[in-house]
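> Next input, structure requested:
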Amino acid sequence: MCFNIECISLASCLLVKSGQITRAFSRTCLSDMNQTVRIVLYVFIFLLSFIGNSLIITVLVRNRRMRTVTNLFLLSLAVSDLMLCVFCMPFTLIPNLMKNFIFGTGMCKVATYFMGISVSVSTLNLVAISLERYSAICNPFKSRTWQTKSHAAKVITATWVVSFLLMLPYPIGSTLVPFMRSNNSTGNMCRLVWSSDVMQTWYVFLLLILFLVPGIIMMTAYGLTSLELYRGIKFEMANRKSNKEKEYGISNLKNGDGDGCYLQPSKRKRPEPVTPGFSNPKSKLRRVCSNSPTANLMAKKRVIRMLLVIVGLFFLCWTPIFVVNAWRAFDRRSADRLLSGAPISFIHLLSYTSACVNPIVYCFMNKRFRQGVLATFSCCRDDVDEVSRSSTRRSTRGTGC
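Just a heads-up that it's a prediction; the model follows:
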């Protein structure tokens, strides 16, 4: 009887040990899987951001005809997104995986500084683009007097200068903070060493300046722009009921890529010579494409969809990280306990995703940018340039690319 009891006790002990081993093994496997998923996602987002923004910069720099006012802002946005990709992703993922910031105090200051600059420049550029498009659509004639490349260059320069000055507290206050890791070894964290009151004030300030206020401005600008476009659509739909377009004009507008919203100031050109009794089919088609209400209607619908995507992605990508930073400022202990490891890594990854979605939303959805890519890298450059020139003459300002 005693032997049986001992056997039962031994079996119970083995079952308990086996359960502990199984749970430990499950936790290890889950941790390894999370780490693998994080690495794959970070590498994918990094490559997509790096290639996409590098491509935008190359195309806009090498193609002079694409250097419109809006495209200058997109060029600045691509540079800031490239900075976000290079200075944020590696210095977030590697210390998170190693549980140690191995790059030293100097790199800690540089990384945090450029992280802040890239986020600030990206946000300010998005705001500038929203205001520029609002002015171009809602006040096209007034905006022509100041919407020039030189004015855009001044605004872009101001956004970078303001961002460099605004983020100076990061290199001043950032340093390495030692901590004890789970294996009883010492690691370092790159942190802002401030008092709790200063930390709270700083993150609330960033929440207002770089998130809430820009978000309100963008929603207001894009909301008014969408309302103006909606009114135009209703007006054109009413006209279509009374004045039916010619079938020839409609069939040749399916592949149009303008936005029907912007005025493109251009130098006067001498009229093309027309032989008496003959019409120029190329100029006729150009007039149909540029002046057709159907073309404007289709283009305005595309703009409304794109504006909604822009605002939605901005809030989707940046809301979590701004909320987490404010949470950490007011209750760091609970925030670190609940968000350490995979959660905070994925939250950072979501914010970094904005660096790769911006090229897709602003440029890769635009046919003219694809033509610019072909004009930049294709061996048949002359043919593509002719297509790009004719597309540019038909288009109006501010289509994005």
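> In three-state terms, label P178 for me.
Under DSSP: H, G, I helix; E, B strand; the rest coil, P178 falls in the strand class.
> which residues sit in contact with it?
Contacts here follow CB atoms under 8 Å, 6 or more residues apart in numbering; on that basis P178 touches T186, G187, N188, M189. C-beta coordinates here come from the backbone N, C-alpha and C atoms, glycine included.
> how much space between it and V193?
According to CB to CB, to the nearest Å, P178 stands 12 Å off from V193.
> residues contacting the closest residue to W327 other than its chain neighbours?
Using CB to CB, 6 or more residues apart in numbering and skipping the chain neighbours, the partner closest in space to W327 is A335 (4.7 Å). Residues in contact with A335 (CB under 8 Å, 6+ apart) are V324, W327, R328.
> Now which of the residues you listed would you call buried?
Among the contacts of A335, those that count as buried by neighbour count (16 or more other CB atoms under 10 Å) are V324, W327, R328.
> What helix or strand is the second one located in?
Read that as W327. Element membership for W327, per DSSP states H and E: helix 293-330.
> Just name whatever secondary elements that helix is in contact with.
Helices and strands in packing contact with helix 293-330 are listed as helix 104-138, helix 196-207, helix 213-242, helix 332-339, helix 342-352, helix 354-359; criterion 3 or more CB pairs under 8 Å, 6 or more residues apart in numbering; DSSP states H and E.
> Can you tell me which of these is packed in deepest?
Most buried of the helices and strands packed on helix 293-330 by mean neighbour count (mean count of other CB atoms under 10 Å) is helix 354-359; its value is a mean of 24.
> next SSE after it?
Next along the chain after helix 354-359, with elements defined by DSSP H and E, is helix 367-377.
> buried sites along that next one?
R368, F369, R370, Q371, G372, V373, L374, A375, T376.
> Send over that helix as PDB, restricted to the C-alpha atoms.
Extracted C-alpha coordinates of helix 367-377, given in PDB (Å, rounded to 0.1, in the frame of the first residue of the first chain):
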ATOM      1  CA  LYS A 367      -0.400  56.600 -63.700                       C
ATOM      2  CA  ARG A 368       1.800  59.600 -64.400                       C
ATOM      3  CA  PHE A 369       4.300  58.500 -61.700                       C
ATOM      4  CA  ARG A 370       4.500  55.100 -63.400                       C
ATOM      5  CA  GLN A 371       5.300  56.900 -66.700                       C
ATOM      6  CA  GLY A 372       8.000  58.800 -64.800                       C
ATOM      7  CA  VAL A 373       9.500  55.600 -63.600                       C
ATOM      8  CA  LEU A 374       9.600  54.300 -67.200                       C
ATOM      9  CA  ALA A 375      11.000  57.600 -68.400                       C
ATOM     10  CA  THR A 376      13.800  57.300 -65.700                       C
ATOM     11  CA  PHE A 377      14.800  53.700 -66.100                       C
END
